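Visitor: What shape does this take:
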Amino acid sequence: MKTSAGILLYKKQQDSIYFFLVHPGGPFWKNKDTGAWSIPKGEMEKDEDPLERARLEFKEETGKEIDGNFVPLTPIRQKSGKWVKAWAIEGDITTDHCNSNLIELEWPPRSGKQIQVPEVDRWEWFTAAAAIQKINPAQVPFLTEVLALK
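Guide: Have a look, this model is predicted:
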């Protein structure tokens, strides 16, 4: 079974919690918004350390290192069947200098043509209510688990 590992970055401002989410790049996701956002994450190799993979994916998808007190969250299973392991960490980063690695994909589908696109094309902080709307529905439990930690 495929497994991904990711980081849920959050910050507290006054009495509110904000979540940092990323939007996948490429033509398939171009006009998708609600339910399309995600925590920065990526697929793990079988014997790989999940937290190290999560930290590496965060750097690849944002261009920024993340370190500190990582709190393990309950793994979730996405609609595709893939499991996602995640860690929450409180912190703050600015989105203006975020950048993503490039990935190759076949576009249009089944055309045999390969194009390069950024793995992530947008980075944004959302209020808890907005994040619950924007994130992939399978990942909502990550947000609610962090909200319960308050």
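
Visitor: Could you identify the helix or strand that succeeds the lengthiest helix in the chain?
Guide: Selection of the longest helix in the chain by residue count, based on DSSP state H, yields helix 50-62. Helices and strands here follow DSSP states H and E; after helix 50-62, the next one along the chain is strand 71-72.

Visitor: what about Ile115, which helix or strand?
Guide: Using DSSP H and E, Ile115 falls in strand 114-118.

Visitor: Contacts for the helix or strand following that strand next, please.
Guide: Downstream of strand 114-118, the first helix or strand assigned by DSSP H and E is strand 120-127. If you take CB atoms under 8 Å, 6 or more residues apart in numbering as the criterion, strand 120-127 is touched by 11, 16-26, 29, 37, 40, 61-62, 95, 98, 100, 134. C-beta coordinates here come from the backbone N, C-alpha and C atoms, glycine included.

Visitor: Throw together a ChimeraX command that grabs the buried residues out of the residues you listed.
Guide: In ChimeraX syntax, the buried subset of those is picked out as below (16 or more other CB atoms under 10 Å):
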select :17,18,19,20,21,22,23,24,25,26,29,37,40,61,62,98,100,134
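
Visitor: Next step: the contacts of strand 120-127 restricted to helices.
Guide: Filtering the contacts of strand 120-127 for helices - DSSP H - leaves 61-62, 134.

Visitor: what mean pLDDT does stretch 128-137 have?
Guide: Throughout stretch 128-137, pLDDT has a mean value of 98.

Visitor: mind listing what's buried in it?
Guide: Those would be 130-132, 134-136, for stretch 128-137 by 16+ other CB under 10 Å.

Visitor: wait, which of these is closest to Leu149?
Guide: Nearest to Leu149 among these, counting by CB to CB, is Ala131 at 14.9 Å.

Visitor: Local confidence estimate at Phe19?
Guide: 98.

Visitor: Show me the shaky parts of this structure.
Guide: 150 (pLDDT under 70).

Visitor: Longest strand in it, by number of residues?
Guide: strand 3-13 (DSSP state E).
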